[in-house]
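In: my questions are about this predicted structure, shown below with the sequence.
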Amino acid sequence: MNVFLWIAGSAAVLIAAGYLYQSIGCYRDRLRFAGSGRWVKIESGCRLYLLEKGSGGPTVLFEAGIGATNLNWCHIQETVANFTGTASYDRGGLGWSSNCRTARTPANIAEELHEMLERAEITPPFILVGHSFGGLVMRRYALLFPEDVAGVVLVDPMRCEEWPPLDPSKQSQIDLGRKLIRFALPIAQCGLVRLAVTTMFKRARGISGQGAQRREIGGRHVVERVTEEVRKMPKKVWPVVAAHWSRPSFYAGMRRHIESIPDTVREMQDAQPIREIPVVVLTPGNSTPLSEEYLKRIGDHVQQVIAPVSAHWIHLDEPELVIRSIREMVQAASVETAAAS
């Protein structure tokens, strides 16, 4: 009996210490890494983290992939800020933003983005830049608020036909992602994920090796694709990514995004094309180019550019191509604005 009580007491002390370690770590992370931006509270009560750089117009807005944050655009935003104003942010439930109550679908997110921009007093016109899932968000934004949009750059936008319910074979990836996140959430709350992630990011070779192992095994589900992305990001942002991955809220936010994939597909598969707004679609060289019919479903003024040496993360594999596309869109919008005035 005494041994049992000793074991139970020790376990309780360890769990309490883990929770304390996690709480202190989250507090310190926010002080160290979140000072460059600001939080904008929207009507639902959600507080979205906004990072602004540069000045002038049109303002370039960045939207990251399904499990990513403003860090995804670090290098590109810094470069683009040299010739125009920029804004990136963390969607509700990810990064430094608080959770949002609505499903993580493009329409809901676009509405929240629009409200955030209004409350932050960032005025249009905007150049919208979205990667993967973020590409669907920016398409929806352009459809909802066309008067605010001067151009759109879609970086390998998510293809609805590759996900449930249009492709039921991918349901297993969603189910696996949800199971892993359900397992990770309580572990994150007691600090064990923080300890493991911090150790992993301190060992740069470990990240590359684990990524390679996952590819050999297969199972490229959503969580693993996020890991692959981080491996390509500048090392200076790794500590911030580690901080995000150490927060229980990250796993709760990821779960909300993954669970909303089928609803996202239903919403966007029959979306109207973007009218009278120039759109550039960047397609990786290792995937099948989009057909003319597919491009017409995106918009009536769409140009496809092939990124020859890129995989899905074009903005990390060929950042100069993305920057050039943005610069050309900014210049064209500036000329049109000048002509109109």
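Out: Cool, got the structure. Numbering: from 1, shown residues only.
In: hey, C-alpha coordinates of the helix or strand hosting Met254 in PDB?
Out: Per DSSP states H and E, Met254 falls inside helix 248-259. Provided in PDB are the C-alpha atoms of helix 248-259 (Å, rounded to 0.1, in the frame of the first residue of the first chain):
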ATOM      1  CA  PRO A 248      -1.600  22.700 -26.700                       C
ATOM      2  CA  SER A 249      -3.600  25.200 -28.700                       C
ATOM      3  CA  PHE A 250      -1.600  24.300 -31.800                       C
ATOM      4  CA  TYR A 251      -2.900  20.800 -31.700                       C
ATOM      5  CA  ALA A 252      -6.500  21.900 -31.000                       C
ATOM      6  CA  GLY A 253      -6.200  24.300 -33.900                       C
ATOM      7  CA  MET A 254      -4.800  21.700 -36.300                       C
ATOM      8  CA  ARG A 255      -7.600  19.300 -35.300                       C
ATOM      9  CA  ARG A 256     -10.200  22.000 -36.200                       C
ATOM     10  CA  HIS A 257      -8.600  22.600 -39.600                       C
ATOM     11  CA  ILE A 258      -8.300  18.900 -40.500                       C
ATOM     12  CA  GLU A 259     -11.900  18.200 -39.500                       C
END
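In: how far off centre is it?
Out: Centroid separation for helix 248-259 versus its chain: 12 Å, with CA atoms, centre = their mean, to the nearest Å.
In: could you do stretch 315-328 as well?
Out: 17 Å.
In: equivalent analysis for stretch 70-86, please.
Out: The chain centre lies 15 Å from the centre of stretch 70-86; the measure is CA atoms, centre = their mean.
In: stretch 316-331 too?
Out: For stretch 316-331 - counting by CA atoms, centre = their mean - the centre lies 18 Å from the chain centre.
In: and what of stretch 34-52?
Out: That offset, for stretch 34-52, works out to 15 Å (CA atoms, centre = their mean).
In: quick one: end-to-end distance for it.
Out: 12 Å (CA to CA, to the nearest Å).
In: going along the chain, name the strands of the stretch 151-300 of the chain.
Out: For the stretch 151-300 of the chain, applying DSSP state E, counting those that start in this stretch gives strands covering 279-284.
In: and the helix holding Met254, which residues are buried?
Out: Neighbour-count burial for helix 248-259, counted by 16 or more other CB atoms under 10 Å, picks out 248-258. The C-beta positions use only the backbone N, C-alpha and C, and glycine is treated the same way.
In: for it, what is the average pLDDT?
Out: Mean pLDDT, helix 248-259: 93.
In: what residues does that helix touch?
Out: 22, 66-67, 91-95, 98-99, 103-104, 133, 174, 177-178, 181-182, 184-185, 188-189, 222-223, 226, 244 (CB atoms under 8 Å, 6 or more residues apart in numbering).
In: Asp263 contacts Ala103, doesn't it?
Out: Yes - counting by CB atoms under 8 Å, Asp263 touches Ala103, with 5.9 Å between them.
In: how far away is Ser98 from Thr69?
Out: 13 Å (CB to CB, to the nearest Å).
In: for Arg119, same thing?
Out: Using CB to CB, one gets 20 Å for the distance from Arg119 to Thr69.
In: also Thr337?
Out: From Thr337 to Thr69 the distance is 31 Å (CB to CB).
In: the more surrounded of Arg119 and Thr69?
Out: Thr69 (25 against 14; other CB atoms under 10 Å).
In: which strand residues bridge Glu63?
Out: Gly130 (DSSP bridges).
In: any idea how many residues pack against Arg266?
Out: 14.
In: can you pull the contacts of the nearest residue to it once chain neighbours are set aside?
Out: Leaving aside its sequence neighbours, Arg266 sits nearest to Pro165 (CB to CB, 6 or more residues apart in numbering; 7.0 Å). The contact partners of Pro165, by CB under 8 Å, 6+ apart, come to 262, 265-266.
In: now, which of the buried residues of helix 248-259 sits nearest Leu31?
Out: Nearest to Leu31 out of these is Ser249 (CB to CB; 16.6 Å).
In: pLDDT score for Pro124?
Out: 96.
In: give me every residue that touches Ala87.
Out: Neighbouring residues of Ala87 by CB under 8 Å, 6+ apart: 50-53, 59-62, 117, 120, 122.
In: give me the low-pLDDT residue ranges for the protein?
Out: 1, 3-19, 203-229, 341 (pLDDT under 70).
In: do that again at 80, thanks
Out: 1-21, 200-231, 336-341 (pLDDT under 80).
In: which stretches of the stretch 101-250 of the chain form helices?
Out: 106-120, 133-144, 171-189, 192-202, 204-217, 222-231, 238-245, 248-259 (DSSP state H, counting those that start in this stretch).
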